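[1] Take this sequence and fold it.
(one chain, ligands or ions: 2)
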Amino acid sequence: MSASTQPGPNGNGPKTIPTISRPEERAAAAERARAYPYRFPRDRRQLGGQFSVEENARRLFRFFYFERRLMQALGAWTLSIPEFEVKLEMGRHIFYHADAARLFRERLHEQEKRLPDIDAYRNAEIDRFIEEMLSAANAPELLVGVHQVAGKALQTAYRHHIDNTDSITDAPTIRVLRRILTDYEPMLEWAEQAIAAYIEGGVDESRLGSWRWHLQRLLGSIAGITGADPRNEEPAPLRSTAKLFQRGTVPLRDLRFETFKNTGDYDTADATPRFPKDSYENLRLRFIRTQRDEVDAIEAFGTFIWDIRFKDFQAEYDLARITWDEARHTEIGHRALQAAGYDPFELRNRLTGSTCRGPMDPAFAMAEINLFGEVGVLKTINNLVDAARERQDALLLHIADFIRADERTHVRKGQHILKCMTNLGAQELELRTRELFTECLVSLGAVKSDMDVFTVSREDIEHLVGE
Ligand SMILES: [Fe+2]
Ligand SMILES: [Fe+2]
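    Ligands and ions are numbered 1, 2, ... in the order given. Have a look, this model is predicted:
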């Protein structure tokens, strides 16, 4: 006879519960099993695991919060990363963190946590770490903090959680963690190589090393990712106590780019237009350049995540996805320029829009890029696709087809995001946005103001600032 235990009636120690197994029934069961012809794969998982639902949830809350904060943190830095490859890659990583946060949020909800409570979860210690990580002096230091310290520690915590939780009762958590790890592996690998490239290119390795050590100690002082590690002393001094982090407002580019912001028009920027103004060739090149120059849309949407942080999880998530899409549009543009025979860096990069949006209230910056820029793309793209088809221009047809689908999605998601940013009605929002962009475009010299009362039209903004 086997036995299991449970607490006694007075709570004073376990009491044996008898197993009442009847010999004839048991023998009959064994007989039936012998007659069963199939030998299916054996499931070797065991019941057990170290966590209760409550402890599991406590840990998942912290995972969720780290991921949400890393998404926001990378968003805050999008303007301030100069290197093209790094800016693009961070556009992707923002979404990886957003999607990890989404998966944890759903799993917590399955563990009977209410969505409003999950969204309202804050952790002052984790915030302290994130604020310090954000105080990186430059992009390589940012990567050290986000990937080598936080990312690596999260990866380890996820692996341990997979090993330590019950693989049967808590299988959905394990599946979530495995899916997240499939993003983490290439993400952290890329960051390792990027940091090595910075060092080979002359960035001081020992500065990065001491920043890494500092952040590791800080993470140790909050008991690590799970809050269950032994604590060490907090390192001092913290940069974030001396100076609170503020996101950058100026879009940075690496030295391969020549930029312009005195106009939004490519022909004006080029001085000598390459093709006649309304020719197909001109529209085509303008479309491809605009895509490459959507490196500024990574900056816009990434920055919005930071600026509206904690207002609404779905809005943050949608912004993160759009940020990744814009990173793809940038890549598409870069590669299409190559496919069209250009060195992408020989064509000057338009900084007009991002320069205006960078310091702006997110509601108006979002209204511009979403209601004018993306809607503007949709107004013209059908004709462009038709013209490309007529001319059998396979390159443009291919890229514009995918981009059209993405931009339609962005316009749709934009509705909810804008509602989280402002209570202004559509007309008021449009007017105020046009006024602010007029002011900015005049200050950049991109439009000439010859009247006292003057506001650029919607069409001008679509053309000069775009997406
Ligand atoms: Fe785009
Ligand atoms: Fe877009």
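
[2] From now on I want contacts and neighbour counts done on CA atoms only, so please keep to that.
    Will do.

[3] Cys17 looks like it's in a strand, true?
    Rather than Cys, residue 17 is Ile. Yes - counting by DSSP: H, G, I helix; E, B strand; the rest coil, Ile17 is located in a strand.

[4] That one and Glu24: what is the separation?
    21 Å (C-alpha to C-alpha, to the nearest Å).

[5] Now Phe304: closest residue in space, sequence neighbours ignored.
    Excluding the flanking residues, the one nearest Phe304 by C-alpha to C-alpha, 6 or more residues apart in numbering is Pro362, at 6.0 Å.

[6] wait, doesn't the one you found sit right on Asp307?
    Yes - with contact defined as C-alpha atoms under 8 Å, Pro362 reaches Asp307; the gap is 6.7 Å.

[7] what about these two, which has more around it?
    Higher neighbour count among Pro362 and Asp307: Pro362, with 22 against 19, using other C-alpha atoms under 10 Å.

[8] List the residues that contact that one.
    304, 307-308, 421 (C-alpha atoms under 8 Å, 6 or more residues apart in numbering).

[9] how far away is it from Leu429?
    12 Å.

[10] just Asp229 next, same as before
    According to C-alpha to C-alpha, Asp229 and Leu429 sit 49 Å apart.

[11] ok, those two, which is more surrounded?
    Leu429 (18 against 13).

[12] Which secondary structure element is home to the residue nearest to Ala339 when sequence neighbours are not counted?
    Spatially, and ignoring its direct neighbours in sequence, Ala339 is nearest to Leu395 (7.9 Å; C-alpha to C-alpha, 6+ apart). Counting by DSSP states H and E, the element that carries Leu395 is helix 394-421.

[13] How about that helix, which residues are buried there?
    Of the residues in helix 394-421, 396-397, 399-400, 403-404, 406-407, 410-411, 413-414, 417-418, 420-421 count as buried by neighbour count, 16 or more other C-alpha atoms under 10 Å.

[14] Could you look up the next helix or strand downstream of that helix?
    Sequence-wise, the next helix or strand downstream of helix 394-421 (DSSP H and E) is helix 426-444.

[15] which non-adjacent residue is nearest the residue nearest the centre of the chain?
    A centroid search over the chain (C-alpha atoms, centre = their mean) returns Ile94, at 1.7 Å, as the residue closest to the centre. Distances taken as C-alpha to C-alpha, 6+ apart put Met71 closest to Ile94, at 4.8 Å, once the chain neighbours are dropped.

[16] Quick check: mean pLDDT of the helix or strand in which the one you found is found?
    Assigned by DSSP H and E, Met71 belongs to helix 53-77. Helix 53-77 comes out with an average pLDDT of 98.

[17] That helix - contacts with which helices or strands?
    For helix 53-77, the elements it packs on are helix 84-110, helix 124-134, helix 295-307, judged by 3 or more C-alpha pairs under 8 Å, 6 or more residues apart in numbering; DSSP states H and E.

[18] Not counting sequence-adjacent ones, nearest residue to Arg247?
    Ala76 is the one closest to Arg247 (C-alpha to C-alpha, 6+ apart), at 5.5 Å.

[19] and the one you found, what is it in contact with?
    Ala76 neighbours (C-alpha under 8 Å, 6+ apart): 247-248, 302-303, 305-307.

[20] One more: Leu347?
    Contacts of Leu347 by C-alpha under 8 Å, 6+ apart are 258, 289.

[21] Now do the contacts for Arg45.
    Arg45 neighbours (C-alpha under 8 Å, 6+ apart): 167-168.

[22] Dihedrals phi and psi, it?
    phi -70, psi 150 (degrees, to the nearest 10).

[23] Roughly how far does it sit from Arg389?
    Taken as C-alpha to C-alpha, the span from Arg45 to Arg389 is 56 Å.

[24] Which elements pack onto the helix holding Leu395?
    Partner elements for helix 394-421 (3+ C-alpha pairs under 8 Å, 6+ apart): helix 313-339, helix 362-366, helix 375-390.

[25] I'd like those laid out as JSON lines, including mean pLDDT.
    Below are the helices and strands packed on helix 394-421 laid out as JSON lines (pLDDT from 0 to 100):
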{"stretch": "helix 313-339", "mean pLDDT": "98"}
{"stretch": "helix 362-366", "mean pLDDT": "97"}
{"stretch": "helix 375-390", "mean pLDDT": "94"}
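
[26] any chance of these in a markdown table, with distance to Asp265 too?
    Formatted as a markdown table, the helices and strands packed on helix 394-421 follow (distance: least, C-alpha to C-alpha, whole Å):
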| stretch | distance to Asp265 |
| --- | --- |
| helix 313-339 | 17 |
| helix 362-366 | 19 |
| helix 375-390 | 15 |
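
[27] Those helices: which one's closest to Glu192?
    helix 313-339 (20.3 Å; C-alpha to C-alpha).

[28] Show me what counts as buried in that closest one.
    Buried residues in helix 313-339, counting neighbours by 16+ other C-alpha under 10 Å, are found at 313-337.

[29] now the angle between helix 53-77 and that helix, please.
    Helix 313-339 and helix 53-77 are oriented at 50 degrees to each other (axes from the mean of the first three to the mean of the last three C-alpha atoms, to 10 degrees).

[30] helices or strands next to helix 313-339 in the packing?
    Where contact means 3+ C-alpha pairs under 8 Å, 6+ apart, helix 313-339 is packed against helix 84-110, helix 280-292, helix 295-307, helix 394-421.
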